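A.B. asks: predicted coordinates and the sequence they were generated for:
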Amino acid sequence: MTQSASSRRRAGLMLLFASATVLVVSACSTAGTPSVAQPPVTELVTVTTATTVPTTATVTATVTSTPPPTTTAAAAVLVSPTFKDASTFECADAAADSCWALDVTTSGPCPNGVYVAINVYRKGEDAVLQVLETTSTPVTDALGGTVTVQLSQTGLSPSGDPLEADLKEARCA
């Protein structure tokens, strides 16, 4: 028996309808549980506008700053001592056997004074008999200045032999 064209059409439509039903059911359920599609989300957007109006204003600000710590000012100050001729000064220590005076010039302030040390020798010898040291009055001028220091000794040359001295050290104290 041959099927008629209309029967075949009906069978095709039924097959198509059954396939579509299976697709719709499988798309709308998960593990046999029907699902409902989520409604579209409504977003609320707030727009803020700003208007800038140019103006002129005077502002005064006070800034306080602390400079970073640096090396002491004395470390950067140059100290230059010069022995004075013995005939140009009178020794402040009347009991001294020998006395030396130095003019010390600095390139900046030495607020604690200038430290000076000299080595004392017998004339013509290399052995140091004594180291004499002193600290001057403060040099407070920002540009430096000149101070005079005296160093004296007693008892190093009982026989009256002449003594000599040379500079050991000179710096801001």
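C.D. replies: Structure received. Residues are numbered from 1 along each chain as shown.

A.B. asks: where do the helices sit along this structure?
C.D. replies: With helices called from DSSP state H, the chain shows them at 5-28, 73-76.

A.B. asks: ok, residue 132 touching residue 118?
C.D. replies: Yes: in this structure, residue 132 is within contact of residue 118 by CB atoms under 8 Å, at 5.3 Å. C-beta here means a position set from N, CA and C on the backbone, and glycine is covered the same way.

A.B. asks: could you check which of those two is surrounded by more residues?
C.D. replies: residue 118 (25 against 20; other CB atoms under 10 Å).

A.B. asks: still on that earlier bit, quick one: common contacting residues for residue 132 and residue 118?
C.D. replies: Common neighbours of residue 132 and residue 118, counting by CB atoms under 8 Å, 6 or more residues apart in numbering, are 100, 151, 165.

A.B. asks: now those as CSV including pLDDT, distance to residue 83 and neighbour count?
C.D. replies: Listed next are the shared contacts of residue 132 and residue 118 as CSV, based on pLDDT from 0 to 100; distance: CB to CB, whole Å; neighbours: other CB atoms under 10 Å:
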residue, pLDDT, distance to residue 83, neighbour count
100, 96, 6, 24
151, 95, 10, 22
165, 94, 8, 21
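
A.B. asks: among the residues you listed, which lie within strands?
C.D. replies: When DSSP state E defines the strands, the subset of the shared contacts of residue 132 and residue 118 inside them is 100, 151, 165.
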